[in-house]
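>>> give me a model of this one.
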Amino acid sequence: MDRVSSTMKQVSNPLPKVLSRRAGGGGLEAERESFERAQTVSINKAINAQEVAVKEKHARTCILGTHHEKGAQTFWSVVNRLPLSGNAVLCWKFCHVFHKLLRDGHSNVLKDSVRYKNELSDMSRMWGHLSEGYGQLCSIYLKLLRTKMEFHIKNPRFPGNLQMSDRQLDEAGENDVNNFFQLTVEMFDYLECELNLFQTVFSSLDMSRSVSVTAAGQCRLAPLIQVILDCSHLYDYTVKLLFKLHSCLPADTLQGHRDRFLEQFRKLKDLFYRSSNLQYFKRLIQIPQLPENPPNFLRASALSEHISPVVVIPAEASSPDSEPITDLVEMDAASQSLFDNKFDDIFGSSFSCDPFNFNSQNGMNKDDKDRLIEQLYGEITALKEELENFKAESARGAVQLRGRASELEAELAEQQHLKQQAQDESEFLRAELEELKKQREDTEKAQRSLTEIERRAQANEQRYSKLKEKYSELVQNHADLLRKNAEVTKQITVARQAQGDVEREKKELEDSFQRVSEQAQRKSQEQAEVLETLKRELAASRQELQVLQGTLESSTQAGAEQNTRIASLEQERDRLSQAAEQHRDKMAALQAELQQLRDTLTREQESSRTELEMLQTQLRDKESTERALQQRLAEERLSLLQSTAHQAECMVQDALARMEDPAHISCTGSADCLLSQTLAASECAERLRDAHSKYLLDGAAVGSLLPHLALFAHLVSNTLLQGSATSHVAPVEPADRLLELCKQCGSETVSYLSALQDPGKVASADCSLVTACLGQISAIGEELRPRGLDVKQEELGDLVDKEMAATAAAIEVASARIEEMLSKARAGDTGVQLEVNERILGSCTGLMQAIRVLVLASKDLQREIVDSGRGAASPKEFYAKNSRWTEGLISASKAVGWGATVMVDAADLVVQGKGTFEELMVCSREIAASTAQLVAASKVKADKDSANLCKLQQASRGVNQATASVVASTKAGRSQVEEKDSMDFSSMTLTQIKRQEMDSQVRVLELENQLQKERQKLGELRKKHYELAGVAEGWEEDAAD
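Reported below is the predicted structural model:
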């Protein structure tokens, strides 16, 4: 027992040292400080005044830093302290590193860098005044970086490295030819800046020497790698966009685009060739070679010959430059681990596994009870340490969360204050604008009066001149105020974007708080499990004590037996007496040891009870803290809902105000667009109702309610504006009803959003009235839709099949009639007339066969379109859903059948000698136009890679060839007949010839007059046909959309 107590005295002092040593460690602040220190070192090493190329490892560290902190705040905080305006080499290397960050850094680098765009422009103008050294290079490079930032701001779908698939490129233009046209212009400007930097760098180098192997030359050439990567993508995208534009717009419209592309193609090809010959680029990048001749955009098939240029960067060999930078936090952890290992080597292994292993120190053996006591001490100590760590982590997490919430609240208040200031300034500018308008009207009145006075008397001319100057000054002031108003509107947009960022950060804060709560629950469960383990071990100790008591009883029985044997064996009395004395001594020792064990266990029970009470107290404190945090979280959720509902209400009120704006009267819209907007708003209202129900059941579902609420306000605002625009082109009565319903829908939406902002009305808020208004607006939109053909939509499918079958039957009948006419001609005609008729009827037969093949291919393609697009619906439902396309298909089929019948009638009249060749040629050309209409109607919804589409296109080319053959045979027959009927003037006198000449001149004048009248009549007929076709197929509504 003395040995155990001395051992406890020896261990009582080292234990706190071990605990304190393990409890220490770096927190989040130390990690952040280490990160900023490492980034500062890398940025200063990458951007320095030495005229050498930027090392790849330093630039890579800067790029990884942006991904680590999800932005470029650290980069700009370091760069702002560099003297970029005083050292051209330093500015040049900054441009290189910043270009790399825009290409390969985090997507938020662009957002964090937009605020410095004006500083880059000022620095570019400053360096542009230097004509030597790096001055012009820095100026052009800074212009390029500004152009790159503006391009990505206007086109956020393009990533920094410009790597996109063809599908993503199509989505960037939103399938709008105007967007593709503007995007091509912006890419030309972007590529022009890249090429200017390329040429300026080469012109600044002495190419007669091997400048690419010198440090100064490599410093200038290194940024061109990023330029080559950008140029390869920009060239590829401009080629694809130009081919797409040429398929939609006339070639003359795109002449400027082609000239500009040709100039940039020659420059880029020359620069790529010169770069590929430099030794510096050969080991760093594989530069592609452009084709010898530029693409021919006037030939659509040339797109398949285009090969996208691919820049290959070889894998970098391992070098000292590419070794990773050791994190200071990891070095601290490694040194701490090394210290722990040394401590365990000196004083034994870690106490968490065997805290009182004294066998290796003093060589003494211990029984089971000592080990049990030591194990209990070790577990209690470990439990204390875990509890302290948990309390420290919880306190740090709570402090950080409170600080972050305070920062976000301050930022939100600041943004709201800025927004209020911007709104006040906008109202002030509007008031000034109204005053200026009134002044302008007064000035115009004064001008009219001055004009009248000037007619009466010239004496007031000087006064009129002064008022005219005043009027010009007011107009200039008016224009300045309009520009200021535009800038204020842009500032409001930026403020709204910042407010959206604050809301996203609040959502991230809620997620982090949820994770901390889950970790706290897991820690509480682990502590409960540890307590249960201690209780089980105490029960095991009690069982061992019972075993010891049984051993004592058995020892007592053995003593009684020995006394009996002493009485029976007197000769061994002395020896047995001595043994009995020894046995009694052992019994006394065991009883004393048992008493000590009981005392020890009693103390352990009391200490365990005390520890348990402390843990329970701490758990109760933790639960109260969690309840307070939950209450605050509920308040934050309600605040988020109220702010979002307020913004949505402002959006709807703005839409209602714009409906009353006189400038909105000129806006028009179609009923189809109104129906699509109404349908989207109704569906969003249903989703909003579901999300609202979930939020009422569980407040944590506010994250799913807010996006639906914002989208609901946006769609309702669009519906209101679209309904107002549609009412401008609708009849008077439906227009009034539609406008009134739009206003009612807006007021109901505002009421619903106001109820969401009131905590007492959130549960009773209902958007059913808004949904009812949207349904009424949709009903009026259905009334305003163009009716097209007088056929019900459910009958369109049957009508398509009937028209296609009727067209095929008409072609078969026409072919049979042509064969019959050919047989009659062979039987009744001879000579030149038979040859002419056979040639014409043969070409007509070929045309009918080509049209038959075209109709069969159109049927196959139509069947494929219906099967691939209808899904689970029936073909009739598919035709009804795509009624506009179906009506176009029916119209094209009717035109083909009618054209075939008319051409057969014309051919019959020509063979009989009653018709004209011109009528036959017009009929064949009309058939070609009708088949082209059928091909276009079938091609609209077909897949571009469809085999049936290829067959249809081949059949269309066959029809065109057959049409050309009919026209050629008709012209040849006409020439043969005219040669046969040649005129003979040999028997006429001079007077007769003069008379015939005068008659011919009169006939020529009459025919020219008739030709002019017929052309005017043809023009009027085409105009009327276009108007009727537009009414029947809803072209006016499509144009309004």
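>>> name the nearest residue to the residue nearest the centre of the chain, ignoring sequence neighbours.
Of all residues in the chain, the one closest to the mean position by C-alpha atoms, centre = their mean is residue 157, 5.7 Å from it. The shortest distance from residue 157 to any non-neighbouring residue, by C-beta to C-beta, 6 or more residues apart in numbering, is to residue 172 (4.4 Å). Backbone N, C-alpha and C define where each C-beta goes, glycine included.
>>> can you check the pLDDT for the one you found?
On the pLDDT scale, residue 172 is placed at 85.
>>> give me the element it is part of.
helix 166-173 (DSSP states H and E).
>>> those helices in the stretch 851-1000 of the chain, which residues are they?
Applying DSSP state H, counting those that start in this stretch to the stretch 851-1000 of the chain gives helices spanning 875-881, 883-912, 917-939, 947-980, 990-1033.
>>> angle of the second one against helix 947-980?
Yep, that's helix 883-912 we're talking about. Interaxial angle, helix 883-912 versus helix 947-980 (axes from the mean of the first three to the mean of the last three C-alpha atoms, to 10 degrees): 30 degrees.
>>> report the angle between the axes of helix 883-912 and helix 990-1033?
Angle, helix 883-912 to helix 990-1033, by the same axes, to 10 degrees: 160 degrees.
>>> other SSEs contacting helix 883-912?
helix 796-828, helix 831-869, helix 917-939, helix 990-1033 (3 or more C-beta pairs under 8 Å, 6 or more residues apart in numbering; DSSP states H and E).
>>> dump the helices of the stretch 851-1000 of the chain to JSON lines, plus mean neighbour count.
Formatted as JSON lines, those follow (neighbours: other C-beta atoms under 10 Å):
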{"stretch": "helix 875-881", "mean neighbour count": "19"}
{"stretch": "helix 883-912", "mean neighbour count": "21"}
{"stretch": "helix 917-939", "mean neighbour count": "20"}
{"stretch": "helix 947-980", "mean neighbour count": "17"}
{"stretch": "helix 990-1033", "mean neighbour count": "11"}
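>>> quick one: closest of the ones you listed to residue 104.
Nearest to residue 104, of all the helices of the stretch 851-1000 of the chain, is helix 947-980, at 41.3 Å by C-beta to C-beta.
>>> just to check, residue 211 is in contact with residue 204?
No - shown here, residue 211 and residue 204 do not form a contact pair, counting by C-beta atoms under 8 Å, at 9.8 Å.
>>> more neighbours: which of those two?
Ranked by neighbour count (other C-beta atoms under 10 Å), residue 211 and residue 204 place residue 211 first, with 19 against 15.
>>> contact partners for that one?
205, 217, 221 (C-beta atoms under 8 Å, 6 or more residues apart in numbering).
>>> just give the nearest non-adjacent residue to the first one, would you?
The shortest distance from residue 205 to any residue other than its chain neighbours is 4.9 Å, reached at residue 211 (C-beta to C-beta, 6+ apart).
>>> re the thing from before, list the buried ones in the helix holding residue 172?
For helix 166-173, the neighbour count (16 or more other C-beta atoms under 10 Å) marks 169, 172-173 as buried.
>>> and it, how far out from the chain's middle?
11 Å (C-alpha atoms, centre = their mean, to the nearest Å).
>>> same question for stretch 962-980.
The chain centroid and the centroid of stretch 962-980 are separated by 60 Å, computed with C-alpha atoms, centre = their mean.
>>> helices - which of the contacts of residue 211 land there?
Using DSSP state H, the members of the contacts of residue 211 that fall within helices are 217, 221.
>>> now the contacts of residue 211 as JSON lines including pLDDT?
Shown next, in JSON lines, are the contacts of residue 211 (pLDDT from 0 to 100):
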{"residue": "205", "pLDDT": "82"}
{"residue": "217", "pLDDT": "86"}
{"residue": "221", "pLDDT": "89"}
